[in-house]
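# can't give you the sequence, but here's the structure:
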């Protein structure tokens, strides 16, 4: 098991980033990750359907 001699990264400007292990924060670079969610056509269609159904229900309730 390898351990670092220094427990914090002195170049990190925030205490949380300084406490991260070196393999998480490599040289201060932030890894650009792709979002885990992607909107599909079914998602948009479901949202629009629910929106108009609730709008119609409110309109019927008011009228």
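Sure thing, it's come through. Everything quoted here is computed from the prediction, not taken from an experiment.

# contacts and neighbour counts: CA atoms only from here.
Fine.

# can you map out the helices along this protein?
15-19, 41-62 (DSSP state H).

# in terms of mean pLDDT, which of the ones you listed ranks lowest?
With a mean of 73, helix 15-19 has the lowest mean pLDDT of the helices of the chain.

# show me what that one is packed against.
Helices and strands touching helix 15-19, by 3 or more Cα pairs under 8 Å, 6 or more residues apart in numbering; DSSP states H and E: there are none.

# could you say which of the helices of the chain is packed most deeply?
The highest average neighbour count among those, using mean count of other Cα atoms under 10 Å, belongs to helix 15-19 at a mean of 14.

# quick revisit: the helices of the chain: which one's closest to residue 35?
Shortest distance between residue 35 and the helices of the chain, using Cα to Cα, is found for helix 41-62: 16.0 Å.

# can you list contacts of the closest one?
By Cα atoms under 8 Å, 6 or more residues apart in numbering, the list of residues contacting helix 41-62 from outside is empty.

# save the helices of the chain as JSON lines, and put in distance to residue 35 too.
Below are those laid out as JSON lines (distance: least, Cα to Cα, whole Å):
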{"stretch": "helix 15-19", "distance to residue 35": "22"}
{"stretch": "helix 41-62", "distance to residue 35": "16"}
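
# please report how far residue 62 lies from residue 52.
15 Å (Cα to Cα, to the nearest Å).

# check residue 63 too.
16 Å.

# and residue 24, by the same measure?
Relative to residue 52, and taking Cα to Cα, residue 24 is found at 45 Å.

# could you do residue 45 as well?
11 Å.

# distance of residue 51 from residue 58?
For residue 51 relative to residue 58 (Cα to Cα), the value is 11 Å.
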